[in-house]
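*Asks:* Based on what follows, work out the 3D shape:
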Amino acid sequence: MKIGMGINYAGDFSETIDNLLQFEAAGLDRVAVPEAYSFDAVSQLGYIAAKSSRLELATGILPMFSRTPTNVAMTAAGLDYISGGRMVLGIGASGPQVIEGFHGVKYDAPLGRAREYADICRMVWRREPLNYDGKYYKLPLTKEDGGTGLGKALKLINHPVRQRIPMALAAIGPKNVALAAEKFEEWQPIFFHPDHVDAAFGESLRAGTAKRDPELGPLQISVTTALLISEDEAALANARVAVSHNVALYVGGMGARGKNFYNDLAVRYGYVDEAKTIQDLYLDGKKVEAAAAVPDDLVRQISLIGTPAEVKDRVQAFSDGGVTMVLASPMAPDHEGNVKQIGLLKEMIA
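*Replies:* Model (predicted):
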């Protein structure tokens, strides 16, 4: 199991990178840069590539609708080139609020587009002429499909460092999880509950794995989780409260009733009544009450918060659940403490 960490959207970037190098020295294996509708992730990763020597560089994630598949493939190949083969391409659908609101692009068929994205990116990296007749992407664009008819089936000019850059799909919906297991090197779920993997994702993972190309190797699973290893019960309690507020935001507020994938996930985990209560409270503006309604059991199972013995047990549970990468968010009160948290987790995993 490896250890990764995301960086924040804002703040003093130079200080963030200086701090990041200390995390690298403590054993951090990967940095993931988010994007959403903030500064772009790519320019930041280029800077990190120049400053670091060992870290994997991941987009966490690039919204598919904001760039063409070939543009994303070129970008990933470029980052892989300047970093000496350390790039991990994380993509996802984002949501209509961002895609249609910020980018002005129609949000449709995220599943089908993700499938074609994977195909086209790998064609680019193999330097194949881009003849692709997909449902959503057609290369070259013909007159029949609205083009001028002058497009040519080009291939990437440069020779990529790797012909297959690892691709990760952020997904929790059943069909998207199946697609991740079929077509991607890595799957990135949110709020991963290792004790309920089979109930929530088993059918999808089995369906996708049955169609998986053996050349992709075993599916890697990367999970985001809060981290605090401590004997201070007050600090641990505060950290769990912070996690409960984050869960309430997603389960309660990320979507309307009947259109919230995170609420659906909580239901699949078995928290049927609790998921409804959290959503009702959150959508009524009672955010504190919604967080208080998040089951303590759920918070403890999806996080690495506890005494050394408790966290070691959770690390083992994650490993037993198939997790190969922990994207940890250390919750110590200062930078030095957070670096120590990564070091402690590294010792447990080693």
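
*Asks:* May I have the secondary structure class of the closest residue to residue 186 other than its chain neighbours?
*Replies:* Leaving out its chain neighbours, the residue that sits closest to residue 186 by Cβ to Cβ, 6 or more residues apart in numbering is residue 168, at 3.7 Å. Backbone N, C-alpha and C define where each C-beta goes, glycine included. Classification of residue 168 using DSSP: H, G, I helix; E, B strand; the rest coil returns strand.

*Asks:* number of nearby residues for residue 168?
*Replies:* Using other Cβ atoms under 10 Å, residue 168 has 25 neighbouring residues.

*Asks:* hey, which helix or strand in the protein has the poorest pLDDT?
*Replies:* helix 96-99 (a mean of 88; mean pLDDT, DSSP states H and E).

*Asks:* buried set for that one?
*Replies:* Buried residues in helix 96-99, counted by 16 or more other Cβ atoms under 10 Å: 96, 98, 99.

*Asks:* Tell me the one of those nearest residue 246?
*Replies:* residue 98 (18.4 Å; Cβ to Cβ).

*Asks:* Which parts of the protein are strands?
*Replies:* For the chain, the strands defined by DSSP state E cover 2-6, 30-33, 56-59, 62-63, 87-92, 132-133, 138-139, 167-170, 186-188, 220-229, 304-306, 325-330.

*Asks:* Mean pLDDT and distance to residue 20 for those - can I get that in JSON lines?
*Replies:* Formatted as JSON lines, those follow (pLDDT from 0 to 100; distance: least, Cβ to Cβ, whole Å):
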{"stretch": "strand 2-6", "mean pLDDT": "97", "distance to residue 20": "8"}
{"stretch": "strand 30-33", "mean pLDDT": "97", "distance to residue 20": "6"}
{"stretch": "strand 56-59", "mean pLDDT": "98", "distance to residue 20": "11"}
{"stretch": "strand 62-63", "mean pLDDT": "94", "distance to residue 20": "20"}
{"stretch": "strand 87-92", "mean pLDDT": "97", "distance to residue 20": "16"}
{"stretch": "strand 132-133", "mean pLDDT": "98", "distance to residue 20": "37"}
{"stretch": "strand 138-139", "mean pLDDT": "98", "distance to residue 20": "37"}
{"stretch": "strand 167-170", "mean pLDDT": "97", "distance to residue 20": "20"}
{"stretch": "strand 186-188", "mean pLDDT": "98", "distance to residue 20": "20"}
{"stretch": "strand 220-229", "mean pLDDT": "98", "distance to residue 20": "16"}
{"stretch": "strand 304-306", "mean pLDDT": "98", "distance to residue 20": "20"}
{"stretch": "strand 325-330", "mean pLDDT": "97", "distance to residue 20": "12"}
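
*Asks:* Residue 349: which of those is closest?
*Replies:* strand 2-6 (6.7 Å).

*Asks:* Not counting its own residues, what contacts the closest one?
*Replies:* For strand 2-6, contacts defined as Cβ atoms under 8 Å, 6 or more residues apart in numbering pick out 23, 27-34, 56, 58, 60, 222, 224, 324-330, 342, 345-346, 349.

*Asks:* List only buried entries from those residues.
*Replies:* The buried subset of those - by 16+ other Cβ under 10 Å - is 23, 27-34, 56, 58, 60, 222, 224, 324-330, 342, 345, 349.

*Asks:* picking that back up, output the strands of the chain as TSV; include the columns distance to residue 77.
*Replies:* Shown next, in TSV, are the strands of the chain (distance: least, Cβ to Cβ, whole Å):
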stretch	distance to residue 77
strand 2-6	21
strand 30-33	17
strand 56-59	13
strand 62-63	14
strand 87-92	8
strand 132-133	17
strand 138-139	16
strand 167-170	12
strand 186-188	18
strand 220-229	20
strand 304-306	34
strand 325-330	22
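
*Asks:* Select, out of those strands, the one closest to residue 270.
*Replies:* Between the strands of the chain, strand 220-229 lies closest to residue 270; by Cβ to Cβ that is 18.6 Å.

*Asks:* how about residue 186, what does it touch?
*Replies:* Here residue 186 is in contact with 88, 90, 166-169, 180, 219-222, 324-325 (criterion: Cβ under 8 Å, 6+ apart).

*Asks:* Is it possible to get those out as CSV so that each row also shows distance to residue 202?
*Replies:* Shown next, in CSV, are these (distance: Cβ to Cβ, whole Å):
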residue, distance to residue 202
88, 25
90, 23
166, 24
167, 23
168, 20
169, 18
180, 14
219, 13
220, 17
221, 13
222, 18
324, 18
325, 20
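
*Asks:* about what we covered before: residues in contact with the least confident helix or strand of the chain?
*Replies:* With Cβ under 8 Å, 6+ apart as the criterion, helix 96-99 contacts 36, 37, 63, 65, 66, 93, 105, 106, 107.

*Asks:* Surely the third one touches residue 35?
*Replies:* It stands for residue 63. Yes - in terms of Cβ atoms under 8 Å, residue 63 counts as a neighbour of residue 35; the distance is 6.8 Å.

*Asks:* Which residues are in contact with each of these two?
*Replies:* Shared contacts of residue 63 and residue 35 (Cβ under 8 Å, 6+ apart): none.

*Asks:* For the lengthiest helix in the chain, which helices and strands make contact with it?
*Replies:* Using DSSP state H to define each element, the chain has its longest helix at helix 233-253. In this structure, helix 233-253 makes packing contacts with strand 220-229, helix 261-268, helix 272-283, helix 287-292, helix 296-302, strand 304-306, judged by 3 or more Cβ pairs under 8 Å, 6 or more residues apart in numbering; DSSP states H and E.
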